[in-house]
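Student: Mind folding the following:
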Amino acid sequence: MIKKELLSPVGNKESLLAAIHNGCDAVYLGGKKFGARAFADNFQEEEMLWAIKYCHLYGVKIYVTVNTMIYESELKECLQYIRFLHKNNVDAVILQDIGLMKRVRETFPNLEIHASTQMHTHNKEQLKLLEELGIKRVVLARELSIDEIKDLDTPLEIEAFVHGALCISYSGQCLFSSLLLGRSGNRGACAGICRLPFKLNKNGKEDIKTEGDYLLSPKEFSTLEHFKEIMESTIYSLKIEGRMKSPAYVAYITRLYRKLMDTYLKGTALEISKKEMENLKVIFNRGFTKGHLFFDQNNKLMNIETSNHQGIHLGTVLETNTKKIKMKLDFDLHQEDGIRFSSENKGVMVNFLYNEKGLLIHKASSGDIVFVDNKIGLKKKGEVLKTIDSCLEKELKDLELKKIPISCKVVALLEQPFKMIFSDGENEIYQEGSIVTKAINKETTEEVIKEKIGALGNSPFVLKNIDIQKEEAIFLPLSELKEMRRKLVEELISIRENIVPNVFVENQKAEPKIEKQKFTERVYIHVSVRTEEQLEYCLTKNVDSIYVLDENLYEKYKENEKVFLRLSRVKNNFKEYKNERLLVGETGALYKYGKWNSVVTDHYFNIANCASVSVLESLGANRVTLSIENDLKQIEDLVKSFEDKKKIEIFLYGRPEVMVMKHCPLRMLVNKDRVCTICSKKDKYYLKDRNNKLYPIVNEVKNHLTHIFYYKNIDGIKNLNEFKKMGIEHLRIEFFEETPQEIESILCKIL
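Tutor: Next up, the predicted model:
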């Protein structure tokens, strides 16, 4: 049986200690730049050096996230950062940017690369491409089921999330935070828009009553119920989400999954006790789901009532006034615990706890009546939840440091140098001492030798066995025994800390030439349409390409060379296309169709540097649409570094999608999990935010996907002359519900 890996999240030094000493096999963490959790504490370079050594000392692998979209101006700095990581012996880097992947593979051929879940990998064609790019491991999209994962035939190591928070959108495909707040999920700054309240609106007029307002908020992912199936799957690395979570969370979840892995490997029954489940809930939960991995949908996947940590039931509010809250407890409560009142969704820390007589106490038990200060102005009665268990947090903080088992061999023969050998199973080292002499007064016994060598104190080692070969009545200086032990401990620590997983090799590559900008007079307009009426009207206008979503519509009009088929950005089945015109939305389709068709890549590829443009071009892309997250300066930097401006397309105008989801809110909220007919009706549905902005919901029936669109059009037409100055010729306009008259008005501003 192949030993699987337990991979824990690390946001700071305390979390790293918690992960290692609770049993992880590997950790993933980020530096201060280029990681997809910019608001975790993360590690400065000096801290990173410490983390690498500390992980390797304990036999734990360390993977560093460099998994953001990389702008042109950052490429050089990013490669220097990866050089630093490689030279200092990280086990692998986790990347999202396909251009960076290619550069890293060319520059550092020995460095192991893992493809981030931000790469949106969900089909076999994508895996083939990653294999060609020299990737060792892929972190799969969370939307894949266990059966789909088993069906992936790939030599790549498979890593999948087994616990933690879920994104409701396919990772790497969410623009909600970026467009609404300027905080890009593809740049590690996601603001968690999916955890905010929304109303479901019908036809822009009527708000539909729902059981909660958190319509995009999934429950917390847990695979404990199906752990045996995971262990018997092709998943190699079991990944825990949580770089933004507390060290206590990292400690407990790592410990729990370590226990299950070890239990499974021993062949004994996998069991989670009632107390362990209570601890799991109080550490962090939004309710638990088995996720798409084990086919949960709708109410089993989502918690629309709240997006907060729920904790566990504690008791009931009996009375409130302006000063105190009176509660009856069903479970124990301690001073410094955290509690939440579900009636008003407000929480407090129990800094002061009072009994019925008004006296301060440190602890209260089930059945007790207690009071806490009403610092939050609570008025309603209702359930009380415990969200922080101070005793559990203290227990998890008081780490029992992991010890590394070693063996020792001692050779003490008369008239020969004394020898001491340490081994950790992989490394064997020895020290040679003075000549062994005959004891004159007191001999050095086996018991004394064992005692002195086994006294490893605060070192990371524990002596598991010792083999002593000695003659009778010998004498060894005890100070020498201690000194030799000390030197062997230091040497073994140094060897383990400085493990070199990949021999450092660097290939230098010439920097791309910076091209002078050339003003372009001629621009090519490429439009995306959603209806036949829009298509027919655009065919009468001076546009150069028309991207069509409906394949039947494409087949009807494809004799016209302007018409392209726009493929979905989530694909699991690949038809055979040859000599067709395609706008592709993900890397698998480009890999599959690039050589045999006229192909343009969509802006969902998250392209922000010339290295990425070059990779897509090499795979057969005739044009590459840049990410809409690039600003003018970032686009200018890119096109200066790329010779053929005709290969670049820019999103100029339109209402972009902010999310693509496997989950369908309409099936859950409107059809109530019945057989769904919602797509056959003419009603239009929107998500309405707290500022009354409406985000259209569009269902892709064929692929069972839900698309959420932005509340307004993005208008870059004002920058048209700037794009021309850069030499950009190809401009994209995406129509949503525009009438022919509205299309005419938009095109007149450009043509």
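
Student: distance between the ends of stretch 218-233?
Tutor: Stretch 218-233 has an end-to-end distance of 25 Å (CA to CA, to the nearest Å).

Student: tell me which residues in it are buried?
Tutor: Within stretch 218-233, the residues that count as buried by 16 or more other CB atoms under 10 Å are 218-224, 227, 230-231, 233. Quick note: C-beta positions are derived from backbone N, CA and C, even for glycine.

Student: what's the closest of these to Lys128?
Tutor: Ser233 (20.6 Å; CB to CB).

Student: what about the stretch 651-751 of the chain, any weak spots by pLDDT?
Tutor: Scanning the stretch 651-751 of the chain for pLDDT under 70 picks out 673-675.

Student: Which stretches in the stretch 251-400 of the chain count as strands?
Tutor: 288-289, 312-320, 324-329, 333-334, 338-341, 346-349, 353-354, 360-361, 363-364, 369-373, 382-388 (DSSP state E, counting those that start in this stretch).

Student: What is the nearest of the buried residues of stretch 218-233 to Phe574?
Tutor: Nearest to Phe574 among the buried residues of stretch 218-233, with distances taken as CB to CB, is Ser233, at 23.8 Å.

Student: From the centre of this structure, point out the most distant residue.
Tutor: Ile440 (67.1 Å; CA atoms, centre = their mean).

Student: just checking, that residue touches Phe475?
Tutor: Yes. Using CB atoms under 8 Å, Ile440 is in contact with Phe475, at 6.9 Å.

Student: can you list the strands of the stretch 251-400 of the chain in CSV and add mean neighbour count, mean pLDDT and distance to Lys702?
Tutor: Formatted as CSV, those follow (neighbours: other CB atoms under 10 Å; pLDDT from 0 to 100; distance: least, CB to CB, whole Å):
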stretch, mean neighbour count, mean pLDDT, distance to Lys702
strand 288-289, 21, 98, 26
strand 312-320, 17, 96, 43
strand 324-329, 19, 97, 53
strand 333-334, 22, 97, 53
strand 338-341, 20, 96, 43
strand 346-349, 16, 94, 44
strand 353-354, 19, 97, 58
strand 360-361, 12, 96, 63
strand 363-364, 18, 96, 58
strand 369-373, 19, 97, 55
strand 382-388, 20, 97, 43
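
Student: Tabulate those (CSV), appending distance to Gln741.
Tutor: Formatted as CSV, the strands of the stretch 251-400 of the chain follow (distance: least, CB to CB, whole Å):
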stretch, distance to Gln741
strand 288-289, 46
strand 312-320, 59
strand 324-329, 61
strand 333-334, 66
strand 338-341, 53
strand 346-349, 51
strand 353-354, 68
strand 360-361, 73
strand 363-364, 70
strand 369-373, 63
strand 382-388, 54
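
Student: of the ones you listed, which approaches Leu583 most closely?
Tutor: Closest of those to Leu583 is strand 288-289, at 34.2 Å (criterion: CB to CB).

Student: Low-confidence regions, the protein specifically.
Tutor: Along the chain, the parts satisfying pLDDT under 70 run over 1, 35-41, 510-517, 520, 673-675.

Student: end-to-end on stretch 581-599?
Tutor: Stretch 581-599 has an end-to-end distance of 6 Å (CA to CA).

Student: Counting neighbours, which bits of it end up buried?
Tutor: Neighbour counts over stretch 581-599 (16+ other CB under 10 Å) mark 581-594, 597-599 as buried.

Student: before we move on, what about stretch 695-706?
Tutor: Buried residues in stretch 695-706 (16+ other CB under 10 Å): 695-700, 705-706.

Student: So what touches whichever strand or helix holds Ile453?
Tutor: Element membership for Ile453 (DSSP states H and E) is helix 446-454. Outside helix 446-454, the residues that touch it by CB atoms under 8 Å, 6 or more residues apart in numbering are 408, 410, 412, 420, 463, 466, 468, 470, 476, 478, 481-482, 485.

Student: Let me see the contact set for Ser434.
Tutor: Neighbours of Ser434 in contact, by CB under 8 Å, 6+ apart: 417-418, 477, 480.

Student: Verify the stated contact: Phe352 with Lys375.
Tutor: No. Using CB under 8 Å, Phe352 is not in contact with Lys375, being 9.8 Å away.

Student: can you list residues touching both of those two?
Tutor: Common neighbours of Phe352 and Lys375, using CB under 8 Å, 6+ apart, do not exist here.

Student: Three-state assignment for Ile746, please.
Tutor: Here Ile746 is recorded as helix under DSSP: H, G, I helix; E, B strand; the rest coil.

Student: Can you get me a residue count around it?
Tutor: Using other CB atoms under 10 Å, Ile746 has 19 other residues around it.

Student: Next, the contact list for it, please.
Tutor: When contacts are counted by CB under 8 Å, 6+ apart, Ile746 touches 653, 717, 733, 738.

Student: Show me which pair in the residues you listed is furthest apart.
Tutor: Largest separation among the contacts of Ile746 by CB to CB: Ile717 and Glu738, giving 14.0 Å.

Student: the more surrounded of those two?
Tutor: Higher neighbour count among Ile717 and Glu738: Glu738, with 22 against 14, using other CB under 10 Å.

Student: domain assignment for this structure?
Tutor: Listed domain ranges for the chain are 5-166+220-267, 312-397, 405-497, 524-748 (source: automatic domain parsing).

Student: Among those domains, show me which one is buried the most.
Tutor: Stretch with highest mean neighbour count among the domains of the chain: domain 5-166+220-267 (a mean of 21; mean count of other CB atoms under 10 Å).

Student: hey, where'd the strands end up in the stretch 551-700 of the chain?
Tutor: Going by DSSP E, counting those that start in this stretch, the stretch 551-700 of the chain shows strands at 563-566, 581-584, 598-601, 621-625, 648-654, 657-661, 685-688, 694-700.

Student: Any chance you could list what contacts the last one?
Tutor: Outside of strand 694-700, the residues within contact range by CB under 8 Å, 6+ apart are 198, 201, 204, 568, 655, 658, 664-666, 678-679, 684-689, 705-711, 736.

Student: before we move on, the earlier item: out of the contacts of helix 446-454, who's nearest Thr254?
Tutor: Once CB to CB is applied, the member of the contacts of helix 446-454 that ends up nearest Thr254 is Leu463, at 26.3 Å.

Student: what's the spacing between the residue lying closest to the closest one once chain neighbours are set aside and Ser434?
Tutor: Of all residues not flanking Leu463 in the chain, Gly454 sits nearest, at 4.4 Å (CB to CB, 6 or more residues apart in numbering). Separation of Gly454 from Ser434 (CB to CB, to the nearest Å) stands at 21 Å.

Student: Please enumerate the helices of the stretch 401-550 of the chain.
Tutor: Along the stretch 401-550 of the chain, the segments classed as helices by DSSP state H, counting those that start in this stretch run 446-454, 478-497, 532-539.

Student: Adding distance to Met327, write the ones you listed out as JSON lines.
Tutor: Conversion of the helices of the stretch 401-550 of the chain to JSON lines gives the following (distance: least, CB to CB, whole Å):
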{"stretch": "helix 446-454", "distance to Met327": "53"}
{"stretch": "helix 478-497", "distance to Met327": "51"}
{"stretch": "helix 532-539", "distance to Met327": "61"}
